[in-house]
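> Need a 3D model of the sequence below.
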Amino acid sequence: MVHIYCGNGKGKSTASVGLCVRAAGNDIPVLLVQFLKDDTSGELKVLNNLSNVQIMHSDKFFGFTWNMNEEEMKEQADIFSKMLAKVECWIDEKLQEIQSDENLEVTQRDSSIMTGIKLLVILDEIIPAIDCKLVEESVLFKLMDKYNMNDVEIVLTGRNPSDELKTRADYISCIDAVKHPYDKGIAARQGVEY
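The predicted structure follows:
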């Protein structure tokens, strides 16, 4: 199934990390892919210690999109395209491993095959990457269409998902900014916002 965490409030990535931990705690392999972020968020220190969680992000961070020049935008788009190709490879490899394990289990114990989701893929901040033309939405749709959504759970985060993305989603959680310390001039705080 496809989840979207959207809205102008704080907590979209935080919600996806919560789902990551829940899945990992149930022995479900997780791939957390971060777009438009560097590798300094505090949660990564904890998630890196979980054996069934893999984290992927751009090796090069360009900062905020509104500060990027055309050449940097093009380079970032190329990096993100390669990241999505790696996501597809990861899903293929994990599904193949799981299928092999299930076949072995059935052969050895003649038991039923595990039901429920097999993988969780979180594409954190992919929605703004699409909005900024750094990821083609059609490439994301192609990835989503390739897999049985009963096996692979995909989470998308960011503000302003397109109407088509919303149509394709099974869950949409909108986080509103009712009140935020930033409105009082308080900057992002380590351990809370990042």
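> how about low-confidence regions in the chain?
By pLDDT under 70, the weakly predicted segments of the chain are 103-115.
> biggest helix in it by residues?
Assignment by DSSP state H gives helix 70-109 as the longest helix of the chain.
> elements contacting it?
strand 30-34, strand 53-57, strand 119-124, helix 137-146 (3 or more Cβ pairs under 8 Å, 6 or more residues apart in numbering; DSSP states H and E). From N, CA and C alone the C-beta is placed, and that goes for glycine too.
> Buried residues of it, list them for me.
Applying a neighbour-count criterion of 16 or more other Cβ atoms under 10 Å, one finds 75-77, 79-80, 83-84, 87, 90-91, 94-95, 98 buried in helix 70-109.
> Same check on stretch 5-12?
Buried residues in stretch 5-12, counted by 16+ other Cβ under 10 Å: 5, 6, 7, 11, 12.
> Quick check: the last one vs residue 137, distance?
The spacing between residue 12 and residue 137, counted by Cβ to Cβ, to the nearest Å, is 18 Å.
> Report the contact partners of residue 190.
Residue 190 sits next to residue 42 when contact means Cβ atoms under 8 Å, 6 or more residues apart in numbering.
> Tell me if it really is in a helix.
No: if the criterion is DSSP: H, G, I helix; E, B strand; the rest coil, then residue 190 is coil and not within a helix.
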